[in-house]
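Colleague: Based on what follows, work out the 3D shape:
(chains A and B)
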Protein chains: 2
Amino acid sequence: MLELRRHKAAFCKDHLLEHLQNQVRKTIKEFKMLQSGERVLIAVSGGKDSLALWDILLDLGFLAEGLYIDLGIFNYSQTSREKCENFARYKGAKLYVASLPEMYDIGLETIGRGVSRPFCSVCGIIKRYTMNLGAMKKDFPVLATGHNMDDEVSALLGNLLQWKPGYLYRQAPHLPPRQGLVRKIKPLCRLTERETAAYCFIKGIDYILEECPKARGATSITYKEVLNRLEKESPGIKDQFYLGFVRKGRYYFKEEEEIKLNKCSFCGQPTGAPENCSFCGLMDKAGLDPLKITEAFDGKKRG
Amino acid sequence: MLELRRHKAAFCKDHLLEHLQNQVRKTIKEFKMLQSGERVLIAVSGGKDSLALWDILLDLGFLAEGLYIDLGIFNYSQTSREKCENFARYKGAKLYVASLPEMYDIGLETIGRGVSRPFCSVCGIIKRYTMNLGAMKKDFPVLATGHNMDDEVSALLGNLLQWKPGYLYRQAPHLPPRQGLVRKIKPLCRLTERETAAYCFIKGIDYILEECPKARGATSITYKEVLNRLEKESPGIKDQFYLGFVRKGRYYFKEEEEIKLNKCSFCGQPTGAPENCSFCGLMDKAGLDPLKITEAFDGKKRG
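Modeller: Residues are numbered from 1 along each chain as shown, chains lettered A, B, ... in the order given. So this is what the prediction gives:
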């Protein structure tokens, strides 16, 4: 039995699975995330959230394929990639892999050091770019990520503590497509970390337990601890905080005019910058060919 | 020496006093709280914040008088009232006292039980009403309260966790007067609890150390702990959160049209309710004469 205090309920294994899948189904419906049976690309990391998401979307009848971005973080990347490959094989689902070490003979650590930027920032640039590129190249109408409610409330708290109005408005469970950016959805945004872990445990999904070694000491971890402390004191507060935000709070931060995106003069992908996108800028600075990454999605090798 | 990590500085006694007074002076200036030498009524509780505020405003040359509201919470009210009276006597400043036990032969506890409402809610209604009434009756252009930065960030966090847009907009360091509500200011909103305590200690101001016995277990205390945890991790985050809010965040919640206040059909004071104000409703339900409280400010006894 698993007790979920915020729902004032306890569930046995089978009913918990049913409850969690229903939560995801309701979330997809409320935020109009997916059409029945739609094709969707899921960004998978090998962790509990993205594999649970893939499993749930397949069970709900969506044509869900995976994208794993291998950043070459030693054993961590190797293990997490294997978890994704094993899951895909077991479910008979397609997995795309975009691998820095295979394409560039180099990993995140070397790139980060080369450009003197924090790893988490470099990782974010590469992942956001590759996810959008993959969805575009493979004609997916929508990209799904495994962000759970704890990820979302912790990001929300951070954006409020630092008052980032633009980030606040765009922190949505469903971002419509715009100017070359594919539609993005977060179907697990109503499930907690504990719930996605329980889901994988019951379903026997084998995922990587470790957090990314580069994320140790991240402020998001403190935010999560602090929010769990508040949740313990007032069960349901995380739900209330998150739903209040996505249902009404967020709209207070709507920009009068949508920021116009430009086309990167190098790769043609959308960017808020005037000339080159941050990915091309980063790769160029690291002495790498930004266009080579497209190989991951068109099957031929460049130069 | 006291180290203030958020300012990356340590101060000796004299410089700390100077620093804290300067912070208050700058806050008054930034938010246009007071004109030079203006008359101001300070709501004093006998605690460190309101007495420090009174002391600072007197030192800065304002005609600051005090208002103590005695809610008849046994020893707690008796001790806190004495602290206010002693301070006023020592500084030769005027103190008004509005006392529930003297006017009604009854305290907060009996009223709260009689109307089946939480004590903190009843206390809030009585205090807000009496403060405005006192300022109006005694012709003060402005009412100051001793809310410190910890009070403000904890209220802010609560209003965000529960997404209360109206409360968010009105949580300002300076609220202009409107429709019968006196102008309200919070000159200590940039000082932490630790700083106002240090101020009183150095200045030899004797204040009541205990928190109100009715406030034990209040969520605001959890919020403060959680925010101090965040501050420890990232010194300056409370400042950033609060300033970001009052300087820009708050304006996102501005109402299109100001809510029209009515005149209470019983006492004539402003109210958001259609007929009676919450104070008159409360006192009436408790079988007490709402108008009797005006005696505190006109020196004559009713019936």
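
Colleague: element containing A:Val226?
Modeller: Using DSSP states H and E, A:Val226 sits in helix A:219-233.

Colleague: can you pull out the helices in the stretch 151-300 of chain A?
Modeller: A:165-170, A:193-203, A:219-233, A:237-247, A:278-285, A:295-298 (DSSP state H, counting those that start in this stretch).

Colleague: between the ones you listed, which gets nearest to B:Leu168?
Modeller: The closest of the helices of the stretch 151-300 of chain A to B:Leu168 is helix A:237-247. By CB to CB, the value is 11.4 Å. For glycine as for every other residue, the C-beta is placed from the backbone atoms N, C-alpha and C.

Colleague: That closest one relative to helix B:219-233, how many degrees between them?
Modeller: For helix A:237-247 against helix B:219-233, the angle by axes from the mean of the first three to the mean of the last three CA atoms, to 10 degrees is 80 degrees.

Colleague: so which residue of the stretch 51-200 of chain A comes closest to chain B?
Modeller: Ranking the residues of the stretch 51-200 of chain A by distance to chain B (CB to the nearest CB) places A:Trp163 first, at 3.2 Å.

Colleague: Around chain B, pick out the residues from chain A.
Modeller: A:160-163, A:165, A:219, A:222-223, A:225-226, A:229-230, A:233-234, A:237, A:240-241, A:244-245, A:248-249, A:252-253 (CB under 8 Å from any CB of the partner chain).

Colleague: do that again at 7 Å, thanks
Modeller: For chain A, the residues in contact with chain B (CB under 7 Å from any CB of the partner chain) are A:160-163, A:165, A:219, A:222, A:226, A:229-230, A:233-234, A:237, A:240-241, A:244-245, A:248-249, A:252-253.

Colleague: Looking at the residue nearest the centre of chain A now. What's its pLDDT?
Modeller: Nearest residue to the geometric centre of chain A (CA atoms, centre = their mean): A:Thr145, 3.4 Å. With respect to pLDDT, A:Thr145 has a value of 98.

Colleague: Bridged to the closest residue to it other than its chain neighbours, which residues?
Modeller: Spatial nearest neighbour of A:Thr145, excluding adjacent residues (CB to CB, 6 or more residues apart in numbering or on different chains): A:Ala43 at 5.0 Å. A:Ala43 has these beta-bridge partners by DSSP bridges: A:Leu67.

Colleague: what about A:Ala43, distance to chain B?
Modeller: Plainly put, A:Ala43 is 29 Å away from chain B if you go by CB to the nearest CB, to the nearest Å.

Colleague: before we move on, the earlier item: buried residues, the helix holding A:Val226. List them.
Modeller: Residues A:Thr222, A:Tyr223, A:Lys224, A:Val226, A:Leu227, A:Asn228, A:Leu230, A:Glu231 are the ones in helix A:219-233 that count as buried (16 or more other CB atoms under 10 Å in any protein chain shown).

Colleague: Just want the angle from that helix to helix A:193-203.
Modeller: Using the same axes, to 10 degrees, helix A:219-233 lies at 90 degrees relative to helix A:193-203.

Colleague: list the contacts for A:Val115?
Modeller: By CB atoms under 7 Å, 6 or more residues apart in numbering or on different chains, the contact set of A:Val115 is A:Val122, A:Leu282, A:Lys285, A:Ala286.

Colleague: ok, back up a step: would you format the buried residues of helix A:219-233 as a markdown table with pLDDT included?
Modeller: Conversion of the buried residues of helix A:219-233 to a markdown table gives the following (pLDDT from 0 to 100):
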| residue | pLDDT |
| --- | --- |
| A:Thr222 | 92 |
| A:Tyr223 | 95 |
| A:Lys224 | 94 |
| A:Val226 | 96 |
| A:Leu227 | 97 |
| A:Asn228 | 96 |
| A:Leu230 | 95 |
| A:Glu231 | 95 |
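
Colleague: farthest pair in those?
Modeller: A:Thr222 and A:Glu231 (14.8 Å).

Colleague: Could you give the number of residues near A:Val153?
Modeller: Other residues within reach of A:Val153, judged by other CB atoms under 10 Å in any protein chain shown, total 25.

Colleague: Give me the pLDDT for the residue of the stretch 201-303 of chain A at minimum distance from chain B.
Modeller: Residue nearest to chain B within the stretch 201-303 of chain A (CB to the nearest CB): A:Gly244, separated by 3.2 Å. You'll see A:Gly244 listed with a pLDDT of 95.

Colleague: what about it, distance to A:Arg5?
Modeller: Going from A:Gly244 to A:Arg5 by CB to CB, to the nearest Å gives 19 Å.

Colleague: Please identify which of the two sits among more neighbours.
Modeller: Neighbours per residue (other CB under 10 Å) separate A:Gly244 from A:Arg5, with A:Gly244 holding more: 17 against 11.

Colleague: Can you name the residues that contact the residue nearest to A:Val246 when sequence neighbours are not counted?
Modeller: Once flanking residues are discounted, A:Val246 sits nearest to A:Pro173: 5.7 Å by CB to CB, 6+ apart. Shown in contact with A:Pro173 (CB under 7 Å, 6+ apart): A:Thr27, A:Phe31, A:Ile185, A:Lys186, A:Cys189, A:Val246.
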